[in-house]
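Visitor: next comes the sequence, and after it the predicted model I'd like to discuss.
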There are 2 protein chains.
Amino acid sequence: MLTRSLQSSVHTFARRRYATASIAAAARLVPGQPQKPTVVTSTIPGPKGKELSAAIGKFQDPRAHTLVADYNKSCGNYLVDADGNVLLDMFAQIASIAIGYNHPDLIKLAKTDQFASAAMSRPALGSYPPVDWADVVNEGILKVAPKGLNQVFTTQDGSSATEGALKASFLSYQAKRRGNRPFSNEEIETVLENQSPGSPELSVLSFKGGFHGRNLGSLSLTRSKPIHKLDMPAFEWPACQFPDIKYPLAENVEHNQKAEAAALAHVEETIRVWSNKKPIVAMIIEPIQSEGGDRHASADYFRKLRRIAKKHDIYFIVDEVQTGVGATGSFWAHDKWELEEPADFVTFSKKAQASGFYHNLSTRAPFAYQAYNTWMGDPIRALQAREMFKVIERDDLIKNVTLVGDYIYKSLEQYEASGKILNLRGKGQGTFIAFDLPSPKERDEFIGQMRLQGVNLGACGSQSVRLRPMLVFEQSHAELFLEKLRNVFKA
Amino acid sequence: MLTRSLQSSVHTFARRRYATASIAAAARLVPGQPQKPTVVTSTIPGPKGKELSAAIGKFQDPRAHTLVADYNKSCGNYLVDADGNVLLDMFAQIASIAIGYNHPDLIKLAKTDQFASAAMSRPALGSYPPVDWADVVNEGILKVAPKGLNQVFTTQDGSSATEGALKASFLSYQAKRRGNRPFSNEEIETVLENQSPGSPELSVLSFKGGFHGRNLGSLSLTRSKPIHKLDMPAFEWPACQFPDIKYPLAENVEHNQKAEAAALAHVEETIRVWSNKKPIVAMIIEPIQSEGGDRHASADYFRKLRRIAKKHDIYFIVDEVQTGVGATGSFWAHDKWELEEPADFVTFSKKAQASGFYHNLSTRAPFAYQAYNTWMGDPIRALQAREMFKVIERDDLIKNVTLVGDYIYKSLEQYEASGKILNLRGKGQGTFIAFDLPSPKERDEFIGQMRLQGVNLGACGSQSVRLRPMLVFEQSHAELFLEKLRNVFKA
C-alpha cells in the first residue's frame, strides 16, 4: 500500500518529469505495475480463457467475450488474463476504469468498515439516505460538478442517467406549460392507459451516430448502429445529422464550417417541423460521439447548438458518460466549449463509477416520488468517486492525460502521413484519440495483432480504433504502445 | 464474527425452537442485535436527522426522506437513525435487505481481497468477465434459478431487468417471425429513424396496479399510481384488469372465482383486439402486486394465465423483483403456482442485490451485441448473492419466514375481526402480509405512530400497510411488532 507521503513525492516527481519532458521515465503513478506487457499464449484468449468463456457460455451469451480476466492479478494499466497474459489495457473496460486496476488508495477504501457496511446494507437512497451522504457527495460527485450546475440525481448506470435526464426534462417542461393548474381528471385517467394527455406526445432530439444507452427510452435516442436497435420498438423521436467533419481539421476548415452550419440549420428545421407534431422537449448530444466512431465537432458548433436549444426553450443534455472524468484533458469534455449558459443536464457514469446527472434546481421534479426508484444510485460508488477524484487532483492526472495525449497524437501523425492510418482525430483532446484503418476487416485484424503484441484496444464506428487508456497511462506506456504499433505495421 | 459451527448450532436451536413453538425465544439468527427498539426523539427524524436531510436537500430532492440512517450502527433487523433511534425495520429498504444489516458473513465477504478487487476494478462483464464468474454465478444466482430456467442475464437494477426481458422478448419474437431471412435493407434503413419495420410496432401487456420499474420502457408497463407516470411519454401498450379479489378469501370464494375468470377473459379479448393493431409479444405480471397495494390472485389464475400466454405464443414474464428471495415462504413466489410449463422470463433484484432475469436458451439474443451494455450487472452483487443464498439455506431462513409469517397473520386476524384493520392478506405467503386502514389518512397516521413506537413500516396502494421484514425476522421480533401495534390501537 502506497503511503500518502510517498504518493505525494511521486506526484512531485511526476510534475518535474513533465517539466523536463523526459521520455524515458518509468511508470510511477500506480506502484507495482508490470514493466511491460507479456504474451504467453499464441491466441488470446488462450486455452484456459477459452475454457472459462465456454463455462460462462452455458448460461450467458459469450460471443462478445474478448478475454477472461484475472482482476485480482491486474494492476494499474495492466490487465492480466486467465492464461497469464499481461496486457497493456488501452480500452479499460470500455473506458470505465479511471485510475488503474486495484489502485492502492481504492483498495484501502474498499477495506474500510464504512465501505463494507455501505456495500452490504445498500440503502433506498431517496428515503433512507446514510448519515454521510451529504459529505460524500459534496466532497466527491458535486466537487467536480460542471460549472453552473449544483444538483445531482444519482442512478445505477449510464442508461438510467439518460432516462433520468429525459424524465426530468418532461416533468419540468409539462410543469412550466401547466403553470399552477393541478393535474386534470383527464390527465389522471388517461395516464394509466398510456394515453395523451396524461402520457403526452412529446419528443427528444438526438443525433445520428449518437449512443445514449440501451433501455427502451435511451435506446430510442441511440442512433449508433442498426444491430443495437433492430427488432425493438422505439419512441418516434427525431434524429438530426451530426456535422460531417473531415480530417485533418487544419486542411478542411472551410468544408467543416459549412458542415457545421448545415447541421445546425437541420436542427432548427427539425424543431420547426416537429413543433406541431410532437414538440421537442430536449436535445441530447455527446461531446465526442464515441460508440458511433469518435466523431468530433468544434466548440463553436456546440455553443451555437446550445443557443438554438435556449432560443426554442428546449433542454440541452450533454451526455458525458464516456467523455467525462478527465480523458479528454479537461474534467468534462464540454468544459472546452466555454458555454455562455451551462447545459441543463450533464450525464455521467463509466469512469466516475457513480452514475447520474447534474442539473439545476429549476429541473427538480415538481412532486415527490416522480423522480424516484428503490436504490437511486449506490453509496459505494459515491465513496469510490470521492476517492478517485481526490487521486486525480492530487496526482495531477488531467495534466498527465494532456501531455501523454499530445505525445501520442504527434507520434501517430507520421502514420497518418504515410497512409497507414486514416482520419487521425482527437488533437488537443487528451488521450481521447481515434483513427481509422482502410477497412473494417483491416481494423479488426489490427486490433487482433496489437492484442498479440500485448496491447488491448477497442473498436468503434465501422473501421475506427479508439484509444481509451486510463488517466494513469504515462509516457512510458505510450512508448510501449507505439513500439507495438510499429511492430504490427512492419509485419 | 459468528463462526460456522456457532451458526450451525444456532440453526439447530432455531429448528428446535420452532418445533416447540416457544414464543419467548430471543433473536438468534443475527448476533449482536439490540433486544428491542428505542426511540429517543419526539419526532422521527429528530433534530440531527432533519439537519442532515436538509443538507442533502441542497442538492437532491429530500421530500421522500423517511429518516437519515446510520448504516454502520445498524444490525440485523434494527435500523439506527442519525439521532440514535433504534427501529425494528419491517420495510428493509423497500424490501431490499434479505438477511439483516451488517450480517457478519457479508461483512466478512466485504473484507476479502476478492471483493475489494471486484469492487474497485469493475469489469465490462459481457466482454471481459472475471475468471471466477462461472463459479460465482453457478454457486449463487443460478443455484436458486426457478425450475426449468438455466440462463441468466445480469443487469444493474430491477428496472433494467424488466427492460432486458422485454428486449429479449422482442428479439426472439422477431427472429422467429423472420426465420432464416437476413435483415432487409428496409429494416436496416428504417431502424435508425425509429420507424417500422426496423423498429417494429409491437406491444407488451401488463396489468392495472402493476409496477415494473421507472425507465421509459418499464414505466410504460407500470400502472401503479398516476404520479409515477404523469407527464412522461409512454409506449402505447395494453393494460388488463388484475382480478378484483375480495378478502377474506375463505368468505369470497365464488366472487373471486368469477373475478379471476373475468380477468382472464379480458386478457384473451385484449390479445385478440391488439393482434391486428400492435401484436402483443409478451405479458408481465407480479405474483403479488406490491407497489400497487399487495393484491393477490390464486395459483389457479396464474396457471390459466400462463396457458393463455402459451396458446397465443406470447412470452410470459414473471416479475419477482419484490416477491423473490424467500419472503413469501418459498424462494420464488411463483414456485407455489406449480406451472405446467416454466415462465419464459423471471426478473429479480432487490433482496437478491444482484439483478437480472432468468430465461432459457431459446430466448438468448440471436446476434452478439443485441443484448449488451457496458457493465451488464456487477460482480460484487453476484458475490453477495452467493453468500446470502448460502446463509438462507444454512440457517433455514425460508422456514423461519413461513413460521413467523403464519404467527403474524394469525395474530392480525383478531384485529381484522374487531374492524381495526381491513382486508388482511398474505395467508400462507410467509411474512409478505398486508392490510388496509379505513382511509389513506389513517394509514399514514398509523405508520407514523408505529415509527414513534420504534417500528418502521412501509405503505403501498392507497391505504395499505405492507409488511416487508427481512428473512431473519424472528418470532421475538414479531412479538415486539404486535406489542407496538397493540399500543397504537389502544391509543
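Guide: Happy to help now that I have it.
Visitor: what ranges does the stretch 201-350 of chain A have for its strands?
Guide: Taking DSSP state E, counting those that start in this stretch as the test, the strands found in the stretch 201-350 of chain A are A:203-207, A:239-240, A:280-285, A:315-319, A:345-348.
Visitor: look at the residue in the stretch 251-400 of chain A positioned nearest to chain B and give its secondary structure.
Guide: Using Cβ to the nearest Cβ, the point where the stretch 251-400 of chain A gets nearest to chain B is A:A368, with a distance of 3.6 Å. Every C-beta, even on glycine, is put in place using the N, C-alpha and C of the backbone. Under the three-state scheme (DSSP: H, G, I helix; E, B strand; the rest coil), the conformation of A:A368 reads as coil.
Visitor: what's the neighbour count on it?
Guide: 14 (other Cβ atoms under 10 Å in any protein chain shown).
Visitor: got the phi and psi for it?
Guide: Note on A:A368: its backbone torsions stand at phi -60, psi 150 [degrees, to the nearest 10].
Visitor: my read: it touches B:R63, true?
Guide: Yes. Using Cβ atoms under 8 Å, A:A368 makes contact with B:R63 at a distance of 3.6 Å.
Visitor: picking up where we left off before, need the winner for burial among the strands of the stretch 201-350 of chain A.
Guide: Mean neighbour count (mean count of other Cβ atoms under 10 Å in any protein chain shown) peaks for strand A:345-348 among those, with a mean of 30.
Visitor: what strands flank it, and is each parallel or antiparallel?
Guide: Strands flanking strand A:345-348 in the sheet, each with its direction: strand A:315-319 (parallel), strand A:355-359 (antiparallel) (DSSP bridges).
Visitor: looking at that strand now, give me its mean pLDDT.
Guide: Computed over strand A:345-348, the mean pLDDT rounds to 98.
Visitor: now swap in stretch A:86-104 and tell me
Guide: Per-residue pLDDT values over stretch A:86-104 give a mean of 98.
Visitor: so how far does that stretch reach from one end to the other?
Guide: Here the two ends of stretch A:86-104 are set 19 Å apart, with distance taken as Cα to Cα, to the nearest Å.
Visitor: what's the answer for stretch A:204-223, then?
Guide: Termini of stretch A:204-223 sit 13 Å apart (Cα to Cα).
Visitor: tell me where chain A is predicted with low confidence.
Guide: Using pLDDT under 70 as the threshold, the predicted model of chain A has low-confidence ranges A:1-26.
Visitor: for A:L361, give me its contacts.
Guide: Taking Cβ atoms under 8 Å, 6 or more residues apart in numbering or on different chains, we find A:L361 in contact with A:150-151.
Visitor: can you tell me how far it sits from A:E341?
Guide: In this structure, A:L361 lies at 15 Å from A:E341, with Cβ to Cβ, to the nearest Å as the measure.
Visitor: repeat for A:H477
Guide: 39 Å.
Visitor: which one of those two is surrounded by more residues?
Guide: A:H477 (27 against 12).
Visitor: element containing the more buried one, please.
Guide: Mapping A:H477 onto the secondary structure by DSSP states H and E places it in helix A:475-490.
Visitor: which strands and helices lie in contact with that helix?
Guide: Using 3 or more Cβ pairs under 8 Å, 6 or more residues apart in numbering or on different chains; DSSP states H and E as the contact criterion, the neighbours of helix A:475-490 among helices and strands are strand A:86-89, helix A:397-417, helix A:440-452, strand A:455-456.
Visitor: for the helix or strand following the last one, name the packing helices and strands.
Guide: Put plainly, it is strand A:455-456. Going down the chain from strand A:455-456, the next helix or strand is strand A:458-460, by DSSP H and E. Counting contacts by 3+ Cβ pairs under 8 Å, 6+ apart, the secondary-structure elements packed against strand A:458-460 are helix A:440-452, strand A:464-466.
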